[in-house]
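>>> Coordinates only, no sequence provided:
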Ligand SMILES: Nc1nc2c(ncn2[C@@H]2O[C@H](COP(=O)(O)OP(=O)(O)OP(=O)(O)O)[C@@H](O)[C@H]2O)c(=O)[nH]1
């Protein structure tokens, strides 16, 4: 990156849409969560020490087990009073250790706005990324405090290729969805790490579970979290159209060794549903918006009473809808908050849209309810 590119240039944006103005000025934030021992620290260490050209501020709860970063890295800056908590690293990254939970750390960090282009927040001890994700997303218009300066870029979940399946197996939660499954559900990118320690078959079967739980998140298989940083950051998971895998339910003759992607999946209470959405008229898009609102806000299918079926909850939803006018709309939802916005950069001309819902009680009944929406006159 050029030095010239790094200097923020102040431009008058008065005549531009509010959203663009916001997104241009905000600092993107990526959340890293993951299973115990899966390789989160390994990933952070990589980011903090490799030459990748990004100026990333990494927030860790404590330097703790990544302490050798300090020993190895160069240029531990004596930056006035805050030197205990901030390290400026040789590759341009900023390492920030805070004992408090995320928010205080981020507030402190934002006093140094301009010294970094991206924030990476490790959420050790925060089992479910959902609440913090929704804090930084969604309230573009009425953002206050940190929400005004920071935009959620995406949530990365690191899964252990060796112990992941067992961790998911043991992750029982009596009346709700277990933590590891919530982390997978809430992720925009899945890193299946430690693949050197598992057989290719077992890596594939774990990947299949991940795809089943979260069909909208790309899965990267890694060894020692080795991955190009550019594939993790700047994904704009909450603004760009989601990259769905192809829906293969009605397709034949594909040269694939493994079974087609499931379009409905259940694992210990969590379920996901992947639905192909035909080209919609404006009126149908409005009807779909109302459907999503009813499901997310009232936890029931339109036309059903709330109590007469298994509980319907949506932890995460993503969608890409194509209108007959050619416009594309993106749905993003975290729990009961969602938005449907016109895509800023439309991806080619897909001939159909897609919708993925991840949560509980999402079965074929839900698919049929959706399909009725577009078959209705
Ligand atoms: N063989 C192998 N070992 C790995 C890989 N990734 C990480 N490790 C090792 O696995 C151990 C745990 O990795 P960490 O990066 O500390 O995992 P973590 O997710 O930060 O762990 P916690 O913060 O304790 O949950 C360390 O000893 C790493 O060196 C990998 O891909 N292959």
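Arrived safely, thanks for sending. The model shown is predicted, which means the values in this text are computed figures rather than measured ones. Residues are numbered from 1 along each chain as shown.
>>> Quick check: phi and psi at residue 232.
phi -100, psi -30 (degrees, to the nearest 10).
>>> any chance you could map the helices in the protein?
In the chain, the helices defined using DSSP state H lie at 3-6, 18-25, 40-49, 68-72, 102-110, 130-136, 146-149, 164-170, 179-185, 200-213, 282-298, 364-375.
>>> Let me see the contact set for the residue nearest to residue 178 when sequence neighbours are not counted.
Spatial nearest neighbour of residue 178, excluding adjacent residues (Cβ to Cβ, 6 or more residues apart in numbering): residue 171 at 3.4 Å. Bear in mind the C-beta positions are built from the backbone N, C-alpha and C, glycine included. Residues near residue 171 by Cβ atoms under 8 Å, 6 or more residues apart in numbering: 178, 179, 180, 181, 268.
>>> 7 Å - rerun?
With contact set as Cβ atoms under 7 Å, 6 or more residues apart in numbering, residue 171 has these partners: 178, 179, 180, 181.
>>> Tell me the spacing between residue 284 and the ligand.
44 Å (Cβ to the nearest ligand atom, to the nearest Å).
>>> Please report phi then psi for residue 187.
The phi/psi pair for residue 187 (degrees, to the nearest 10) is phi -90, psi 150.
>>> so who does it touch?
Contacts of residue 187 by Cβ under 7 Å, 6+ apart are 155, 156, 157, 214, 217.
>>> Excluding covalently adjacent residues, which one is nearest to it?
residue 157 is the one closest to residue 187 (Cβ to Cβ, 6+ apart), at 3.6 Å.
>>> Check residue 128 too.
According to Cβ to Cβ, 6+ apart, the nearest residue to residue 128 is residue 182 (4.7 Å).
>>> Ok, residue 297 next?
Nearest to residue 297 is residue 336, by Cβ to Cβ, 6+ apart, at 5.6 Å.
>>> what number of residues lie near the one you found?
15 (other Cβ atoms under 10 Å).
>>> Just to check, it is in contact with residue 296?
Yes: look at residue 336 against residue 296 with Cβ atoms under 7 Å: they come within range, at 4.7 Å.
>>> interface residues of the protein facing the ligand?
34, 36-42, 124, 158, 193-194, 196-197, 223-225 (Cβ under 6 Å from any ligand atom).
>>> Kindly state the pLDDT recorded for residue 38?
With respect to pLDDT, residue 38 has a value of 90.
>>> Which residues are in contact with it?
158, 159, 160, 193.
>>> Output the residues you listed as TSV; include the columns pLDDT, distance to residue 355 and neighbour count.
Output for the contacts of residue 38, formatted as TSV (pLDDT from 0 to 100; distance: Cβ to Cβ, whole Å; neighbours: other Cβ atoms under 10 Å):
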residue	pLDDT	distance to residue 355	neighbour count
158	95	27	27
159	94	24	27
160	94	30	24
193	97	29	29
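>>> between those, which is closest to residue 365?
Of all these, residue 365 sits closest to residue 159, with 29.7 Å by Cβ to Cβ.
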